[in-house]
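S.K.: Fold the following for me, if possible:
(one chain, ligands or ions: 1)
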Amino acid sequence: MTKAVRVHQVGGPEVLTYEDVDVPPPGHGEVRISQHAIGLNFIDTYYRSGLYKAPALPFIAGNEASGEVVSVGSGVTNFHPGDRVAYYTNLGSYTTERNIVADKLVKLPDAITHEQAAVLMLKGLTVFYLLHKTFRVEPGHRVLIHAAAGGIGLLACQWAKALGANVIGTVGSKEKAELALANGCDHVILYNEEDFVARVKQISRGELCDVVYDGVGKATFPGSLSCLKPRGMFVSFGNASGPVPPFSLLELNNHGSLFATRPKLNDYVGTRRELLEAADTMFAAVLNGKLHVPIHHAYALKDAQKAHRDLESRATVGASVLRP
Ligand SMILES: NC(=O)c1ccc[n+]([C@@H]2O[C@H](COP(=O)([O-])OP(=O)(O)OC[C@H]3O[C@@H](n4cnc5c(N)ncnc54)[C@H](OP(=O)(O)O)[C@@H]3O)[C@@H](O)[C@H]2O)c1
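M.R.: Sure, this is the predicted structure:
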């Protein structure tokens, strides 16, 4: 019997229910995977709480994982039992076994572990598109990354530094500051204690930033706009502290003809071709040493409630996995 963590009604971490589920044989175009590791993401909490609407109740939580192909449905020719694979998707990853459309899977290079793949498919691909596509980070750019010691944050700081940027990160504690500095940040701001806008002005000697990557949302808005130089890019890609409130477009004018975007992974890495290109670039970044992907926290799948509590109370750093 397959074990999964399901949500029957949205709410706090207590609604995550570890239980038996039936998984039918894989359908046409589907692959059955025995999962080895599941990535923990803030997005998982949005679906659980109802901030993001799941298509139906109950649903299996979770949005990325890695595992081994155990069988394939009709029409699948490019995957075989024993293949090491990983994916990101909308929901369904908090489980020991599952079926998934073959087009969502990528094969893993030998040197990438299942746990690394499980935390890279959503977080690493997101960092790829944010830094390469949403705003193309180039040598000399000054980049502000909020929550720099988080799952996305640590990868983004390393990658932005490797692209030649000057990286400023915000973090919630001194321990997180040390970690961010060891992972590509040139400057760290303790935004719970310091006025991050004033510090960005000071650090940049008034020149401000080319781009702000903001996954924190409500708490860092509108301060993030004040950190941008004229024609800078505000990339609001998440809501860890709550969604950015509605605002007037005139704010962008007042802050210097800014650009603003609210991107999501599926709009950048939605086609098979985009997925394979992005995954190749991301795995190459790991294999050539540009990106280090340690696993900072590991939980048993049945302890998903604790994992969500830790993530939402800012007790985690870097990447976390659930072990089926
Ligand atoms: N748009 C996309 O395509 C996309 C894809 C993936 C993820 N995301 C977004 O990326 C962001 C980071 O995701 P993640 O999974 O890597 O999470 P994470 O950064 O590991 O965890 C969130 C961090 O946000 C900071 N934070 C600030 N205010 C907070 C608050 N009130 N409550 C909780 N945390 C707060 C905390 O760091 P400090 O203690 O240092 O402040 C916390 O550790 C999320 O907003 C997520 O939705 C977006």
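
S.K.: what does this protein put close to the ligand?
M.R.: 41-43, 122-123, 126, 147, 149-153, 171-172, 176, 215-216, 219, 237-241, 263-265, 311-312, 314, 316 (CB under 6 Å from any ligand atom). Just so you know, the C-beta spots here come from the backbone N, C-alpha and C atoms, and that holds for glycine as well.

S.K.: filter these to the buried ones?
M.R.: With neighbours counted using 16 or more other CB atoms under 10 Å, the residues of the chain next to the ligand contain these buried positions: 41-43, 122-123, 126, 147, 149-153, 171-172, 176, 215-216, 237-241, 263, 265, 311-312, 314, 316.

S.K.: quick one: which of those sit in helices?
M.R.: Assigned to helices by DSSP state H, the following of these qualify: 42, 43, 123, 126, 151, 152, 153, 176, 311, 312.

S.K.: The fourth one and residue 103, how far apart?
M.R.: Noted for residue 126: a distance of 19 Å to residue 103, by CB to CB, to the nearest Å.

S.K.: which stretches of the stretch 1-150 of the chain have low pLDDT?
M.R.: Within the stretch 1-150 of the chain, no stretch has pLDDT under 70.

S.K.: Doesn't residue 128 lie inside a helix?
M.R.: Yes. Counting by DSSP: H, G, I helix; E, B strand; the rest coil, residue 128 is located in a helix.

S.K.: ok now do it, which residues does it touch?
M.R.: With contact taken as CB atoms under 8 Å, 6 or more residues apart in numbering, residue 128 is in contact with 159, 269, 278, 281, 282, 285.

S.K.: could you dump those residues to TSV with distance to residue 77, secondary structure and neighbour count?
M.R.: Below are these laid out as TSV (distance: CB to CB, whole Å; DSSP: H, G, I helix; E, B strand; the rest coil; neighbours: other CB atoms under 10 Å):
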residue	distance to residue 77	secondary structure	neighbour count
159	34	helix	25
269	23	coil	24
278	23	helix	22
281	25	helix	14
282	25	helix	29
285	29	helix	21
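
S.K.: Which of those residues lies at the shortest distance from the ligand?
M.R.: Lowest distance from the ligand to those (CB to the nearest ligand atom) belongs to residue 269, with 9.0 Å.

S.K.: tell me the pLDDT at that closest one?
M.R.: Residue 269 is assigned 97 on the pLDDT scale.

S.K.: Now that it has come up, it's in contact with residue 278, right?
M.R.: Yes. Using CB atoms under 8 Å, residue 269 makes contact with residue 278 at a distance of 4.7 Å.

S.K.: Counting by contacts, list what whichever strand or helix holds residue 277 packs against.
M.R.: For residue 277, the element it lies in under DSSP states H and E is helix 272-287. Contacts defined by 3 or more CB pairs under 8 Å, 6 or more residues apart in numbering; DSSP states H and E place helix 272-287 against strand 106-107, helix 114-120, helix 123-129.

S.K.: Would you map out the domains in this protein?
M.R.: The record assigns the chain these domain ranges, following automatic domain parsing: 2-121+294-323, 124-265.

S.K.: okay, the nearest residue to residue 96 once chain neighbours are set aside: pLDDT?
M.R.: Closest residue to residue 96 apart from its sequence neighbours, by CB to CB, 6 or more residues apart in numbering: residue 324 at 4.2 Å. Looking at residue 324, its pLDDT reads 97.

S.K.: so who does residue 324 touch?
M.R.: 3, 35, 36, 37, 38, 95, 96, 301.

S.K.: So which residues of the protein form helices?
M.R.: Counting by DSSP H, the helices of the chain are 42-49, 114-120, 123-129, 151-162, 174-181, 196-203, 223-226, 250-254, 272-287, 304-312.

S.K.: List the contacts of stretch 261-274.
M.R.: 88, 90, 103, 122, 125-126, 128-130, 133-134, 233-237, 244, 275, 278.

S.K.: Only the buried subset of these, as a PyMOL command please.
M.R.: Buried subset of the contacts of stretch 261-274, written as a PyMOL selection, criterion 16+ other CB under 10 Å:
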select buried, resi 88+90+122+125+126+128+129+130+134+233+234+235+236+237+244+275+278
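
S.K.: May I have the phi/psi pair for the nearest residue to residue 8 once chain neighbours are set aside?
M.R.: Ranked by CB to CB, 6+ apart and with sequence neighbours excluded, the top spatial neighbour of residue 8 is residue 58, at 4.4 Å. The phi and psi values for residue 58, taken as degrees, to the nearest 10, are phi -70, psi 160.
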